[in-house]
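>>> build me a model from this:
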Amino acid sequence: METGTVYIVARNGLGQAPEDLQRILAANFFGILAESGGGPESILFYADGVRLACAGSVAIDSLRTLERQGSKLILCRTCLDYFGLTDKVEVGTVGKMTDIIAALQGAVKVVSV
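As a prediction, the model looks like this:
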């Protein structure tokens with residue numbers, strides 16, 4: 001079954017920039033997206049991207065808003081385990097790579113942010 005747009009997040013920030021700027025950009029991006037009320041069907045976090053949904057992330061509040069607005073946030077369990085962050089998850093659902101693949105396969109459009 002096809003769904004809407006899916007965003008994939010594989011880094012702890014956005015863009016090719018110094019790490020602190022990447023995180024500022026992520027906070028701005030997800031904040032504006034949440035304010036617009038037009039979030040994607042799903043946001044998939046893997047690799048370093050899982051850090052954005054964990055304690056201490058500058059994007060937590062915006063991601064919570066997006067989740068309340070109906071976006072599904074799926075975090076890679078393997079990645080969380082690797083970084084020792086499983087108990088630091090603040091938002092979203094911990095899933096498996098099969099969940100991420102299913103969301104990608106069902107998407108009408110995939111956007112890497």
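
>>> low-confidence ranges in the protein?
Where the chain drops to pLDDT under 70, the residues are 1-3.

>>> swap the cut-off to 90 and go again
Low-confidence segments of the chain, defined by pLDDT under 90: 1-3, 16, 37-38.

>>> for it, which segments count as helices?
Taking DSSP state H, the helices of the chain run over residues 19-36, 60-68, 77-83, 97-106.

>>> hey, which of the ones you listed is tucked in deepest?
Stretch with highest mean neighbour count among the helices of the chain: helix 60-68 (a mean of 19; mean count of other Cβ atoms under 10 Å). The way it works is simple: take the backbone N, C-alpha and C, and place the C-beta from them, glycine included.

>>> chain center to it: distance?
10 Å (Cα atoms, centre = their mean, to the nearest Å).

>>> what is that helix packed up against?
Using 3 or more Cβ pairs under 8 Å, 6 or more residues apart in numbering; DSSP states H and E as the contact test, the elements touching helix 60-68 are helix 19-36, strand 72-76.

>>> cutoff 10 Å now
Using 3 or more Cβ pairs under 10 Å, 6 or more residues apart in numbering; DSSP states H and E as the contact test, the elements touching helix 60-68 are helix 19-36, strand 42-45, strand 72-76.

>>> and the angle from that helix to strand 72-76?
120 degrees (axes from the mean of the first three to the mean of the last three Cα atoms, to 10 degrees).

>>> what comes into contact with helix 60-68?
Helix 60-68 is contacted from outside by 7, 9, 26-35, 37-40, 43, 45, 52-54, 57, 59, 71-73, 90-93, using Cβ atoms under 10 Å, 6 or more residues apart in numbering.

>>> now stretch 9-26
With contacts defined as Cβ under 10 Å, 6+ apart, stretch 9-26 is touched by 27-30, 43-54, 57-59, 62-63, 73, 75-76, 79, 83, 111-113.

>>> can you select the buried ones from the residues you listed in PyMOL?
Remark: buried members of the contacts of stretch 9-26, expressed as a PyMOL selection using 16 or more other Cβ atoms under 10 Å:
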select buried, resi 27+29+30+43+44+45+46+47+49+50+51+52+53+54+57+58+59+62+63+73+75+76+79+113
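
>>> circling back to that earlier point, distance to Gly13 added to the helices of the chain, as CSV?
Shown next, in CSV, are the helices of the chain (distance: least, Cβ to Cβ, whole Å):
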stretch, distance to Gly13
helix 19-36, 2
helix 60-68, 14
helix 77-83, 15
helix 97-106, 20
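
>>> sweet, I'm off.
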